[in-house]
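Trainee: What follows is a predicted structure for the sequence shown.
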Amino acid sequence: MTRNPAGRTLFDEIYDRPDPRAFFSSLGRFGYQTPHHAQSVFRRLAAARPAPVTVLDLCCSYGVNAALLNHRLTFDDLHAHYTAPKVAKLKTSELIEYDKDFYAAHRRADAVPAIGVDIAAPAIDYALAVGLLDAGFAENLETGPASAALLRAASAASLITVTGGVSFLSARTFDQLLRAASTPPWVAAFVLRTGSYQPIATALAEHGLSTTVDLERTFVQRRFTDPDEQRYAVAAVTATGADPAGKETEGCYHTALYLSRPREDPASPDERLQCDLR
């Protein structure tokens, strides 16, 4: 683990492994749980979109959100699976074959096509190999233009999701994807309270999307790695004008759920998203 200059602990190295075992064992030590919170939300949102539905998951890593969206599995199930002694003994090639059968056996009848975008090529390769993603792209849209193949795939997306990585994204990434969309997609993002989503919400508004959030309803992301990281988070949340009391002061990062939709679309399935950010 390393730290960014501000003091946040980074787990970059777990995304460059050939399979998700380090992801689940490393983040599991700190109770990482954002995909658990997102599972029911993303399923409700996908069900609310007109068929056919395609989901594009930003910063998708090993296809965790796609696994939870399209399979009869919980995040705890995935953690137990990838930290099991039997799985620990497998070579990556063996794990891929094992996981093909594992996910096939739990596939939901209402599964939807899933596209993944992440800068970590090994994570994308794994998610494609085991069938979690229908298309995957190891691209950094913050530093360069999206490939023609990604833009073609993104044109079909009716829901864009993200549970981690918004801290590393800007309007540049979202602008490229939304300009490629054949119809305006919904965008659902779980965002750490240590930063502001306003610049991205402003960019989404330029594409006709109105962003809502219930700032009182937050979701635990993970425990802090040490007191220094907690001090960083408390200071960062305070700097945004939010109150860390009862949340970050209690030892965990918290996220808020932001949902962006075309203004003419029907009300969100989650009626608690009430604070308009227009």
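Mentor: Thanks, I have the structure now.

Trainee: Just confirm Ala67 contacts His79, I think it does.
Mentor: No - in this structure Ala67 lies outside contact range of His79 using CB atoms under 8 Å: 11.5 Å. To be clear about C-beta, it is placed using only N, CA and C from the backbone, and glycine gets the same treatment.

Trainee: Look at the two and report which has more neighbours.
Mentor: For Ala67 and His79, the more surrounded residue by other CB atoms under 10 Å is Ala67, and the numbers stand at 27 against 19.

Trainee: what's the nearest residue to that one if we skip its chain neighbours?
Mentor: Nearest residue to Ala67 in three dimensions, chain neighbours excluded: Leu132, at 5.4 Å (CB to CB, 6 or more residues apart in numbering).

Trainee: what about that neighbour, neighbour count?
Mentor: Leu132 has 26 nearby residues by other CB under 10 Å.

Trainee: so which strand or helix has it?
Mentor: Applying DSSP states H and E as the criterion places Leu132 outside every helix and strand.

Trainee: can I assume it is in contact with Ala114?
Mentor: Yes - taking CB under 8 Å as the definition, Leu132 is a contact partner of Ala114 at 6.9 Å.

Trainee: any shared contact partners between the two?
Mentor: 63, 66, 70 (CB atoms under 8 Å, 6 or more residues apart in numbering).

Trainee: Next, work out how far apart Asn163 and Pro18 are.
Mentor: Not Asn; residue 163 is Thr. 22 Å (CB to CB, to the nearest Å).

Trainee: ok, back up a step: can you select the buried ones from the shared contacts of Leu132 and Ala114 in PyMOL?
Mentor: A single PyMOL command is used to select the members of the shared contacts of Leu132 and Ala114 judged buried by 16 or more other CB atoms under 10 Å:
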select buried, resi 63+66+70
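
Trainee: In helices, which of the shared contacts of Leu132 and Ala114 appear?
Mentor: 66, 70 (DSSP state H).

Trainee: got a list of what the residue nearest to Ala67 touches?
Mentor: 62-63, 66-67, 70, 103, 114, 116.

Trainee: Let me know the outermost residue of the protein.
Mentor: Distance from the C-alpha centroid of the chain, by CA atoms, centre = their mean, peaks at Lys89 (28.6 Å).

Trainee: tell me the contacts of it?
Mentor: No contacts exist for Lys89 under CB under 8 Å, 6+ apart.

Trainee: so what pLDDT did it get?
Mentor: Lys89 is assigned 96 on the pLDDT scale.

Trainee: Could you check how far it is from Ser158?
Mentor: 41 Å.

Trainee: cool, and Glu229?
Mentor: 37 Å.

Trainee: residues contacting Gly246?
Mentor: With CB under 8 Å, 6+ apart, Gly246 has no contacts at all.

Trainee: and the gap between it and Ser182?
Mentor: 43 Å.

Trainee: related to what we said a few turns ago, could you check which of Thr163 and Pro18 has the larger neighbour count?
Mentor: For Thr163 versus Pro18, neighbours defined as other CB under 10 Å are more numerous around Thr163 (30 against 17).

Trainee: which residues make contact with stretch 24-38 from outside it?
Mentor: 1, 11, 14, 64-65, 68, 74-76, 78-79, 82-83, 161, 163-164, 188, 190, 219-225, 252, 255.

Trainee: what's the span of that stretch from first residue to last?
Mentor: Distance across stretch 24-38, first residue to last, is 17 Å (CA to CA, to the nearest Å).

Trainee: tell me the SS of Leu215?
Mentor: strand (DSSP: H, G, I helix; E, B strand; the rest coil).

Trainee: my guess is it meets Ala256, correct?
Mentor: Yes - counting by CB under 8 Å, Leu215 touches Ala256, with 5.9 Å between them.

Trainee: All good on my end, thank you.
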